[in-house]
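Provide a 3D model corresponding to the input given below.
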Amino acid sequence: ISMRYRVEEDLLGQCSIPEDVYWGIHTFRAKQNFPFSTRPVPSELIRAIAAVKKACCLTNAELGYINGKTADAICAACDEIIAGGLIDQFPLDALQGGAGTSTNMNVNEVVANRALEIMGYKRGEYAHCHPLEHVNLHQSTNDVYPTALKVAAIEGVRKLSAETALLQGEFQSKEKLWAGIVTIGRTELQDAVPITLGAQFGSFAEAVARDRWRTFKCEERLRVVNLGGTAVGTGLTAPRRYIFLVIEKIRQLTGYGLSRAENVVEQTANADVFVEVSGILSAQASNLQKICNDLRMLHFLKEIEVPPVQAGSSIMPGKINPVILEAGISAGMRVIANHSIISDCVSKGSLQINEFLPLISSALLESISILISA
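Numbers count the residues shown, from 1 in each chain. I've put the predicted structure just below:
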């Protein structure tokens with residue numbers, strides 16, 4: 001079976017691109033350049049970038065920079081991605097250089113080619129809808145990518161806050177149920193003084209309640225975005241009317257209380273907000289590990305029984321292990337490790353940009369996802 005190709009060109013020359021894909025030459029080169037981790041760019045980030053692209057398109061259309069037919073097709077393509085479609089068209093590795101340029105270009109190309117298809121043209125006929133001249137109009141990776149990461153993170157921390165509330169409720173129910181059961185409190189792993197089993201679970205509930213509150217509040221840190229700042233936050237190439245209108249559009253599309261930074265240059269240069277949010281996740285991971293380990297010990301001491309969920313040994317019949325609790329501890333370890341990665345990435349940014357946003361986004365969104373599951 002022979003594959004058909006289309007020829008695309010960039011400043012480095014020409015490449016043959018399979019006709020059956022929506023991505024183009026920039027994605028092709030990035031696929032070759034970044035084969036590092038075999039982990040894909042998080043799908044929630046791709047969907048968030050598509051939402052940003054739609055907001056920019058709506059703004060450009062309203063101001064007359066993109067004609068209505070092209071804008072409608074671009075928005076329709078973005079909607080497909082936002083809904084989770086075309087996910088197989090984003091093949092890039094999460095570990096990449098370039099501050100996210102490759103991922104931004106991947107989205108630009110997929111949106112442009114899908115829009116061309118919607119309008120009745122062939123993929124690659126960029127005279128009618130171009131990845132840069134239309135989809136990326138008045139944008140830069142340096143304002144699109146961090147804005148999208150904040151949108152994706154807000155979506156994630158909202159889900160995490162809701163899941164944390166459910167866990168808090170479960171511990172509170174056990175606190176009441178076991179309020180009358182007296183057991184031994186222990187310090188230094190030695191018997192100490194009497195305590196109720198309910199009180200122990202009440203302490204879990206209070207720790208989780210703090211996690212819920214911190215997670216809920218950290219959304220405030222993510223609402224300030226630099227969209228409209230383009231390359232270094234000065235808004236170079238972006239019209240003034242566009243800069244102010246695009247924030248309104250992305251706020252309307254997401255339903256989040258996003259606001260334009262007072263100092264957009266600063267917001268483009270610094271990524272410390274992601275360390276702050278990751279620190280909150282790290283605190284929750286610490287509580288998760290402490291609680292899981294305490295439950296393991298209470299199970300070992302026969303004071304509670306952890307429900308069996310799978311066989312515990314390939315050689316010892318009947319053995320059951322507290323595997324869910326062990327997985328919870330492992331999840332906490334991973335989140336704390338990700339916090340170290342994020343802190344290091346943020347400190348390595350240089351001058352007007354942080355080049356390591358792809359690794360920041362991969363680690364941050366993974367931590368949120370892990371904690372939601374845990």
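
can you give me the helices in the stretch 1-150 of the chain?
Taking DSSP state H, counting those that start in this stretch, the helices of the stretch 1-150 of the chain run over residues 25-33, 43-62, 68-82, 101-118, 141-177.

which other helices and strands contact the third one?
Counting contacts by 3 or more Cβ pairs under 8 Å, 6 or more residues apart in numbering; DSSP states H and E, the secondary-structure elements packed against helix 68-82 are helix 43-62, helix 101-118. (Glycine included, C-beta is placed from N, CA and C.)

and of the helices of the stretch 1-150 of the chain, who's closest to His339?
Nearest to His339, of all the helices of the stretch 1-150 of the chain, is helix 141-177, at 13.9 Å by Cβ to Cβ.

give me the buried positions along that closest one.
Judged by neighbour count (16 or more other Cβ atoms under 10 Å), helix 141-177 contains these buried residues: 141-157, 160-161, 163-165, 167-168, 171-172, 174-175.

returning to what we had before: okay, the helices of the stretch 1-150 of the chain in CSV with distance to Gly124 and mean pLDDT next?
Converted to CSV, those look like this (distance: least, Cβ to Cβ, whole Å; pLDDT from 0 to 100):
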stretch, distance to Gly124, mean pLDDT
helix 25-33, 9, 96
helix 43-62, 19, 98
helix 68-82, 15, 98
helix 101-118, 7, 98
helix 141-177, 22, 97
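
how about CSV for those helices, with distance to Asp10 added?
Shown next, in CSV, are the helices of the stretch 1-150 of the chain (distance: least, Cβ to Cβ, whole Å):
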stretch, distance to Asp10
helix 25-33, 5
helix 43-62, 20
helix 68-82, 21
helix 101-118, 10
helix 141-177, 15
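
and of these, who's closest to Gly349?
Closest among those, using Cβ to Cβ: helix 141-177, at 11.0 Å.

centre of the chain versus that closest one, how much separation?
Computed by Cα atoms, centre = their mean, to the nearest Å, the chain-centroid distance of helix 141-177 equals 12 Å.

can you list the buried residues in the helix or strand that comes right after it?
Using DSSP states H and E, the helix or strand that follows helix 141-177 towards the C-terminus is strand 182-187. Using 16+ other Cβ under 10 Å as the test for burial, strand 182-187 gives Thr183.

and for stretch 107-124?
For stretch 107-124, a neighbour-count test (16+ other Cβ under 10 Å) marks 107-119, 121, 123-124 as buried.

mind listing what Arg118 touches?
Not Arg; residue 118 is Ile. Going by Cβ atoms under 8 Å, 6 or more residues apart in numbering, Ile118 touches 73, 76-77.

same check, this time on Ile17
Ile17 neighbours (Cβ under 8 Å, 6+ apart): 5-8, 23-25, 28, 124.

my guess is Val264 meets Ala238, correct?
No. Under the criterion of Cβ atoms under 8 Å, Val264 is not in contact with Ala238, lying 10.5 Å apart.

intersection of neighbour lists for those two?
Common neighbours of Val264 and Ala238, counting by Cβ under 8 Å, 6+ apart, are Gly228.

can you give me the neighbour number for Met351?
Not quite, residue 351 is Leu, not Met. Counted with other Cβ atoms under 10 Å, residues neighbouring Leu351 total 7.

please work out how many residues are found near the nearest residue to it once chain neighbours are set aside.
Nearest residue to Leu351 in three dimensions, chain neighbours excluded: Ala269, at 6.8 Å (Cβ to Cβ, 6 or more residues apart in numbering). Other residues lying near Ala269 total 18 when counted by other Cβ under 10 Å.

how about the helices of the stretch 201-350 of the chain, start to end?
Assigned by DSSP H, counting those that start in this stretch, the helices in the stretch 201-350 of the chain fall at 219-222, 240-254, 264-269, 272-300, 323-347.

what residues of stretch 321-339 count as buried?
For stretch 321-339, burial by neighbour count (16+ other Cβ under 10 Å) applies to 321-322, 324-325, 328-329, 331-332, 334-336, 338-339.

okay if I get these as JSON lines plus distance to Gln252 and pLDDT?
Formatted as JSON lines, those follow (distance: Cβ to Cβ, whole Å; pLDDT from 0 to 100):
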{"residue": "Asn321", "distance to Gln252": "50", "pLDDT": "89"}
{"residue": "Pro322", "distance to Gln252": "47", "pLDDT": "91"}
{"residue": "Ile324", "distance to Gln252": "41", "pLDDT": "96"}
{"residue": "Leu325", "distance to Gln252": "44", "pLDDT": "97"}
{"residue": "Gly328", "distance to Gln252": "39", "pLDDT": "97"}
{"residue": "Ile329", "distance to Gln252": "42", "pLDDT": "98"}
{"residue": "Ala331", "distance to Gln252": "35", "pLDDT": "98"}
{"residue": "Gly332", "distance to Gln252": "37", "pLDDT": "98"}
{"residue": "Arg334", "distance to Gln252": "36", "pLDDT": "98"}
{"residue": "Val335", "distance to Gln252": "33", "pLDDT": "98"}
{"residue": "Ile336", "distance to Gln252": "37", "pLDDT": "98"}
{"residue": "Asn338", "distance to Gln252": "32", "pLDDT": "98"}
{"residue": "His339", "distance to Gln252": "33", "pLDDT": "98"}
